[in-house]
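Colleague: here is the input, now give the coordinates:
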Amino acid sequence: MKAQQRLSILLLIFVSVWAGYAQADGGHGHGYSRNSFGVYIGAPWAPWGYPPPIYYPSPYYYPPRVIVVPAPQPPVYVEQAPTYNADQYWYFCQQSNAYYPQVNQCPGGWVRVPPRQ
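Modeller: The predicted model follows:
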């Protein structure tokens, strides 16, 4: 009986090694094996023999970079007193008693007046 057990174990090892050599190159038997033979000791993890799935922690995603752009400053207006050259004059119409931009024509002629501030 022991001889039969030894023979069956040797036959099992021979068949598994031969199958590994035969399937290494698609069944052409070139002798290179990617299979290995091992003994599993312990209780199976599941009824179908696979270990439980490994749960990796979810990856950490960095928040998007926020580029802070300063708000545009409101424009600054500086009021300055008008500057006049010696060749700048106002034109006054004596008949209509008004200056040039308000009156376009003056029948009596225009009078040059130096600007007042």
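Colleague: strands of the chain, residue ranges please.
Modeller: With DSSP state E as the definition, the chain shows strands at residue ranges 90-93, 98-99, 111-113.
Colleague: got the ones you listed as JSON lines, with distance to Pro70 and mean neighbour count columns?
Modeller: To be clear about C-beta, it is placed using only N, CA and C from the backbone, and glycine gets the same treatment. Compiled in JSON lines, the strands of the chain are given as follows (distance: least, Cβ to Cβ, whole Å; neighbours: other Cβ atoms under 10 Å):
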{"stretch": "strand 90-93", "distance to Pro70": "46", "mean neighbour count": "16"}
{"stretch": "strand 98-99", "distance to Pro70": "46", "mean neighbour count": "13"}
{"stretch": "strand 111-113", "distance to Pro70": "50", "mean neighbour count": "11"}
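Colleague: closest one to Glu79 among those strands?
Modeller: Distances from Glu79 to each of those were compared using Cβ to Cβ; the minimum, 20.6 Å, belongs to strand 90-93.
Colleague: for the closest one, give the mean pLDDT please.
Modeller: Within the predicted structure, the mean pLDDT of strand 90-93 is 88.
Colleague: just the C-alphas of that strand, formatted as PDB.
Modeller: What follows is strand 90-93 as a C-alpha-only set of coordinates in PDB (Å, rounded to 0.1, in the frame of the first residue of the first chain):
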ATOM      1  CA  TRP A  90     -11.500 133.100 -24.600                       C
ATOM      2  CA  TYR A  91     -13.700 134.700 -27.200                       C
ATOM      3  CA  PHE A  92     -16.600 136.900 -26.000                       C
ATOM      4  CA  CYS A  93     -19.500 138.100 -28.100                       C
END
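Colleague: which residues touch Tyr91?
Modeller: Contacts of Tyr91 were listed using Cβ atoms under 8 Å, 6 or more residues apart in numbering, and they are 99-100, 106, 110-113.
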